[in-house]
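**Student:** no FASTA, just this:
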């Protein structure tokens with residue numbers, strides 16, 4: 001918009017303001033600190049996906065995979081599907097497969113089943129494929 005150019009202000013409507021500074025820093029330096037990732041890895045992943053920044057997406061995926069646990073695996077499957085993050089999806093499916101009985105009883109899985117039945121079905125398919133192989 002011309003007014004933004006005249007004022008020297010750029011408004012970004014589709015990004016959390018807390019993410020914009022680290023996102024911009026990454027664009028200039030190609031680096032992101034672990035401290036920033038600890039607080040904002042999922043949001044930075046979303047921004048990297050939205051703006052097609054594969055290097056930032058890869059860094060975020062790697063960090064998120066390192067944080068993978070039985071407790072957050074269901075949420076990570078949903079995150080991976082939302083942002084087409086293959087490595088997160090694979091790590092989450094591995095975590096889920098190892099403890100699938102616990103996962104199926106987990107309230108987060110039940111919520112995912114209600115909210116995103118397609119993602120839950122894909123997750124169940126992967127569990128079956130991995131446990132019967």
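**Tutor:** Received, thanks. Please read all numbers here as calculations on a predicted model, not as lab measurements.

**Student:** Sketch out the low-pLDDT regions of this structure for me.
**Tutor:** Within the chain, the ranges that satisfy pLDDT under 70 run 1-13, 98, 133.

**Student:** got the domain boundaries for it?
**Tutor:** 1-67, 69-132 (the TED database).

**Student:** how far does the shortest one stretch from start to finish?
**Tutor:** By Cα to Cα, to the nearest Å, the extent of domain 69-132 from end to end equals 22 Å.

**Student:** swap in stretch 61-70?
**Tutor:** 17 Å.

**Student:** buried stuff in that stretch?
**Tutor:** 61, 63, 64, 65, 68 (16 or more other Cβ atoms under 10 Å). In short, each C-beta sits where N, CA and C put it, glycine included.

**Student:** picking that back up, most tightly packed of the domains of the chain?
**Tutor:** domain 69-132 (a mean of 16; mean count of other Cβ atoms under 10 Å).
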